[in-house]
Structures are given as structure tokens and as C-alpha cells.
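sequence unavailable; structure follows:
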């Protein structure tokens, strides 16, 4: 199986999952609360429909591969190739009608993120990469993705989904970075990492991520020339507290402020 | 001049301004800082190009009309009909590559907002209204806009561009509403008011707005069945501290928390 064939298959997964999700976007529907009494984490029918479509396609095409999905758990997670799926990353954006959620499709090989794609079916945008290079396809055509240079935190735009999602101790650490940055933008989940890969923003800092929230994005960020680690500089694929930077110089500066 | 003719003309303004702006979206460029040393308020070439196009079209078609624009000031602001223009509302989103900015085109008649349109040229979406009704045109077609019912703040989704944009006293008042709401979403400028008109969110609360930030949105919100006022319940067209609600019941509840 060559990398080219994987790419085509991943794009097929994106197309089919997008078709499954879009009929549910901006329609009134019941959601049930996955997080229980505490948080607010809506799960839509689109989420489940899209993951079922992708799981079926993977099982049919690559029966030996494992699958880890947000909605339906893990199967053969110790296989050489494991797909890591989040049909709707950014469910809060989704239920608020905002086009900054995305479908995350990652492929791990021997425990390392090998390929990833983010699909935004409403804006018809795809961002994908293999750790060596990354590309974008949107309404205006296809092009390579490159992060932008940013030598100094004082010139950086930093993004996070919401400062309220941090625990108090982590919030204080995050605030140290935000205070030094030029501009902070909130509210974008996976879309923020793709804007970083495309060279529009410089830092994305989050906490409490699951592996399926970040695995697909790692080969895109690294393929575009960026760096993504945990707050203490470790590998990002396990999730947790994550920081991505377009330029290694501000990554190291931000890690120092985050206490690493 | 009938309302129908105004509608067609406003859509022409949107199309032409969008053509002027889009070449500048997601391209690296120098921005200069309109706000001076303090804030960060980038002005792009697209902003200026689009306002020049719209001003020329208005002058040619309606030479007796007045114009108030974000970029190039006021002319004949005491005329019966006055156009209120903000080519790129949400410049911070724009420079961060995020498709949640919009072009605002408002028409005042005898001092009252009579017609308004928000255009997002990248997602190809338009939201417009005349205070009696409101409509949406997007990739999936055209439909009427209606706010959704929400009887209780505890069930409401509230949006604001950024909680950091409030002055400390206003931040405390805003926080009283956010604490009672089910979900808060940040980061959308004019796009938030359009999601309210479309029935996806319930409250939008902001401060420090200019007239050109809100005039075009008033006929859309009211035409969709919503209500928009200042925090003390006064008319919204002058800007300042603004609250929009999809349901009058939570509007009154939120006004009480905001100190009115």
C-alpha cells in the first residue's frame, strides 16, 4: 500500500463523512449530554452517522487495521496501522451554527502519527499532511501549507478554544503566554491548528485533549513546518495539554512560560 | 424607489465589495495599526478597496443619499437615506484566516435602520432583513431566518467577540449573564448576530460598538423575530453596549443582570 493510495482513501473517507454530517448541520435536533451533569458536550446524530460510515469503509478496505473513534471506542488498537477518528471536532461550534468545526481523520503507524486530514465540509476545505509536507484544498484551489516565521512572542497571535476550558492552575500558565502575545483569538478547536499550518496564526494552546482531538493534526502541523508537543515538551499523540507553534523559537519561549 | 429595488442594489453592493475583499483574505500583507499604541485593530487593503467600491456605487446610483463608513468617514449624514458601511467587521478574525468576519451594509431612513445585509464572501453566505422579515442565502439555498424560542437563561447559548474586550465594570456585568447561561462561545463579531437571527444561538452581548458595527444587523435581527437594544434597553443604532436576543423573555432577564 503506497502513501498515494492512503491519500486517496483518506479523501474518500472525508467526502463520505462530510455527506453524512452536513444534513445535520444547522438543523434543530435533540442532543444528549455525553459529559453527564457537569459539562456541556453535545453529540449529534451527524457525529455518529459519520463515524459509522468511516468505520465501515475502513473495515471493508483494510480489515487488519485498528480503529479508535470518539463515538464508538477502540478495535484492534494494537495493530500496525490504526485509524484515529473524530467526526465532529468542535461540537460546541457545530451546535452554534459556526463553520469552525471539522472532521479529523488520523492514521497511526506503529504508534506514531503517519498521516492526518482535517475536513470542513461546509466551507469545503481540507488540510492534510504526512509530517514531511502538508497541503490545502479549498474553494479557491489547492496549495502547499507552510507555517509563518515568528521570532518573538510579542508578535504572535495565539489561539485557544476557550480560556474557560483550562483548570485554574493551567489557566494561570496559559495567561502568562497570552499576556505576552500580540493578539488572542478564541473559539476554533481543530480549525485553529489548521490556521497555524496555513501561516495565519502562530500558537495554539489547549488542555484536556483526547488523542483523537490531536493525532490527525500532528502530521499536518509538522508537515507545514510547525512543531506540536505537550506543555512539557513531550510527544503530542497522547493528548492532554498541547501546544502547537508555527516557529520553533516561540515554541521554546512559550514552553518556558508554561512551566516546562 | 421600492423596497425591492433597494434589495437588489444592496445585493449588488455585497457582490462587488466581496470581489474587492477576497483577494486580500489569507494573504500575507502589511497592516497598520489604526488604534495607535494601545489596541490592535488591523486595517487591510481589502477593507479600503471594498468601501471605495461601495461608495462609488452609492454616489452614482443615489447621489442624494448620505454615507457613513468605517474607513472614510461621513458625507451627507443628515440626508433622508444614509448608508452605513463596514467592509470588514471582524478584522481580527480576518487577519487570523477565520471565516467569521463579514461585510455590513446598512440603510438608515430618517434616522432609523430600514434595511441591512451581512455578507460573508468566503463561505458565500448572506443574511439580510428589513425589520419585518429576514432571509438567508448560502451554498445550500435560500430560506427565511427565524430566531429560536428560549424562555430561560439556563438554556441559552451566549456569544461575545471576546470577554477581554469589556471594560472591568462591564466585564463583571457580562459575567453575571454568562454564569447563568448554558454555553458561551467567543470570537465571531457580526457572524454571531447572524447565528442568532438563524436560530442557532440565543444571546449576543458586546460593548464598545460603533454605529457601523450594528446598524446593518438591526433589521436582520428584528426581521428574524429577535430584539436588540443597548444594555439599558435603549435603541441600538448608536452602538455602545449592545445586547441581542432571539427571545424577548431572556432579553428582559439579561437586561436585569446587566443592571438596567
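Alright, I've got the coordinates. Because the structure is a prediction, the values reported are computed rather than measured.

now the end-to-end length of stretch A:191-206.
13 Å (Cα to Cα, to the nearest Å).

please apply the same query to stretch A:202-216.
19 Å.

now that stretch: how far from the chain's centre is it?
Stretch A:202-216 has its C-alpha centroid displaced from the chain centroid by 6 Å (Cα atoms, centre = their mean, to the nearest Å).

what's the answer for stretch A:168-186, then?
When distances are taken as Cα atoms, centre = their mean, stretch A:168-186 is centred 20 Å away from the chain's centroid.

equivalent analysis for stretch A:66-85, please.
With Cα atoms, centre = their mean as the basis, the distance from the averaged C-alpha position of stretch A:66-85 to the chain average is 16 Å.

could you look up the SS state of residue A:106?
strand (DSSP: H, G, I helix; E, B strand; the rest coil).

might you report the residue contacts of it?
Under the criterion of Cβ atoms under 8 Å, 6 or more residues apart in numbering or on different chains, the neighbours of residue A:106 are A:83-85, A:113, A:115-117, A:212, A:215-219. C-beta: built from backbone N, CA, C; applies to glycine.

for residue A:198, same thing?
Residues in contact with residue A:198 (Cβ under 8 Å, 6+ apart) are A:127, A:136, A:145-146, A:224, B:26, B:97.

can you tell me which of those residues is nearest residue A:243?
Within the contacts of residue A:198, proximity to residue A:243 (Cβ to Cβ) peaks at residue A:224, which comes in at 15.6 Å.

tell me the pLDDT at that closest one?
Taken from the predicted model, the pLDDT recorded for residue A:224 is 98.

do the one 4 residues further on as well
Model confidence at residue A:228, given as pLDDT, is 98.

pairing partners for the host helix or strand of it, with directions?
Assigned by DSSP states H and E, residue A:228 falls within strand A:227-230. The strands that strand A:227-230 pairs with in its sheet are strand A:240-245 (antiparallel) (by DSSP bridges).

for the strand it pairs with, the distance to its chain's centre please.
Relative to its parent chain, strand A:240-245 has a centroid offset of 11 Å by Cα atoms, centre = their mean.

so what's the residue count around residue A:256?
Other residues within reach of residue A:256 by the criterion other Cβ atoms under 10 Å in any protein chain shown amount to 11.

part of a helix, is it?
Yes. Residue state for residue A:256 (three-state DSSP) corresponds to a helix.

thinking again about what came up before, in helices, which of the contacts of residue A:106 appear?
With helices taken from DSSP state H, the overlap with those comprises A:212, A:218-219.

mind putting those in CSV, neighbour count included?
Below are the ones in helices among the contacts of residue A:106 laid out as CSV (neighbours: other Cβ atoms under 10 Å in any protein chain shown):
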residue, neighbour count
A:212, 21
A:218, 28
A:219, 26
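
coming back round to it: which one (most neighbours) among the contacts of residue A:198?
Neighbour counts for the contacts of residue A:198 peak at residue A:127, which has 29 neighbours (criterion: other Cβ under 10 Å).

now do the contacts for it.
If a contact means Cβ under 8 Å, 6+ apart, then residue A:127 has A:117-118, A:134-136, A:145, A:194, A:197-198, A:220 as its contacts.

redo these as JSON lines? Include distance to residue B:79 and pLDDT.
Below are those laid out as JSON lines (distance: Cβ to Cβ, whole Å; pLDDT from 0 to 100):
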{"residue": "A:117", "distance to residue B:79": "53", "pLDDT": "98"}
{"residue": "A:118", "distance to residue B:79": "48", "pLDDT": "98"}
{"residue": "A:134", "distance to residue B:79": "52", "pLDDT": "98"}
{"residue": "A:135", "distance to residue B:79": "51", "pLDDT": "97"}
{"residue": "A:136", "distance to residue B:79": "45", "pLDDT": "97"}
{"residue": "A:145", "distance to residue B:79": "48", "pLDDT": "97"}
{"residue": "A:194", "distance to residue B:79": "45", "pLDDT": "98"}
{"residue": "A:197", "distance to residue B:79": "48", "pLDDT": "98"}
{"residue": "A:198", "distance to residue B:79": "43", "pLDDT": "97"}
{"residue": "A:220", "distance to residue B:79": "52", "pLDDT": "98"}
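
for those, work out which two are farthest apart.
Pairwise distances across the contacts of residue A:127 peak at 14.2 Å for A:117 and A:198 (criterion: Cβ to Cβ).

close to chain B, is the helix or strand containing residue A:204?
Per DSSP H and E, residue A:204 falls inside strand A:203-209. No. With Cβ under 8 Å from any Cβ of the partner chain as the criterion, chain B is not reached by strand A:203-209; the gap is at least 11.1 Å.

which parts of chain A sit against chain B?
Counting by Cβ under 8 Å from any Cβ, the residues of chain A near chain B are A:26, A:28, A:40, A:92-93, A:95-100, A:122-124, A:139, A:148, A:157, A:159, A:162, A:164, A:182-188, A:191, A:195, A:198-201.

so which of the residues you listed are in helices?
In helices, judged by DSSP H, the following of the residues of chain A next to chain B are found: A:92-93, A:95, A:191, A:195.

just give me the closest of these to chain B.
The shortest distance between chain B and any of these, using Cβ to the nearest Cβ, involves residue A:195 and amounts to 4.4 Å.

so who does the closest one touch?
In this structure, residue A:195 makes contact with A:159, A:188, A:201, B:96-98, judged by Cβ under 8 Å, 6+ apart.

please apply the same query to residue A:170.
A:207, A:241.
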